[in-house]
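A.B. asks: just to be clear, the model below is a prediction. Sequence and coordinates:
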Amino acid sequence: MSPNIHPAAPHPLPAFITAPGETDYLMIAMAVLLIAAILAVGVVFFRLHTLPERMAHKSQKLQFEIVAVLGLLALFTHVHLFWVAGLLLALIDLPDFSGLFGRMAHALERIAGTAPRRGGSSSTEPPDSPDSRETPADREPELHGGRKESTHA
């Protein structure tokens, strides 16, 4: 600093006051700290925003896609209800109905004697064969090891 200090100024000046024309290191440090803080808050915001999507990543594909769409809607519309709905959906394990419905459809096709709609039937006989139109009573001997049980005691 210059040797001529104003008489109203305190004589021991703090270290953060710089003389005219000198580099203000405190301002540079605060600018770097501000940029780092903004980046850190942005990273935390986006990590928190993608939390439902990361949680649903382990679940089924359809559930993951619904949660991802809800997250994008929440991000672009700023409607927080979409994010909450995505979080709740990610927390719930939805049962896999596709396998159950597929087995039910296959069983109904076998009972009706029609060809499967999608390729790959597990039975080796064609659907128009006479054996495929059997009733459960006709197949009863097969169920008991190929012999009929006697009904008299």
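C.D. replies: Looks like it arrived, so ask away.

A.B. asks: and the closest residue to residue 83 other than its chain neighbours, how far is that from residue 15?
C.D. replies: Nearest in space to residue 83, with sequence neighbours left out and distances taken as Cβ to Cβ, 6 or more residues apart in numbering, is residue 74 at 3.8 Å. For glycine as for every other residue, the C-beta is placed from the backbone atoms N, C-alpha and C. Going from residue 74 to residue 15 by Cβ to Cβ, to the nearest Å gives 47 Å.

A.B. asks: for residue 13, see how far away residue 38 is.
C.D. replies: According to Cβ to Cβ, residue 38 and residue 13 sit 31 Å apart.

A.B. asks: returning to what we had before: more crowded one of residue 74 and residue 15?
C.D. replies: A direct count of neighbours by other Cβ atoms under 10 Å for residue 74 and residue 15 places residue 74 higher, at 20 against 8.

A.B. asks: average pLDDT across the particular helix or strand that has that one in it?
C.D. replies: Element membership for residue 74, per DSSP states H and E: helix 61-77. Helix 61-77 carries an average pLDDT of 90.

A.B. asks: packing partners of the helix or strand following it?
C.D. replies: Counting by DSSP H and E, the next helix or strand C-terminal to helix 61-77 is helix 80-91. The helices and strands touching helix 80-91, judged by 3 or more Cβ pairs under 8 Å, 6 or more residues apart in numbering; DSSP states H and E, are helix 51-56, helix 61-77.
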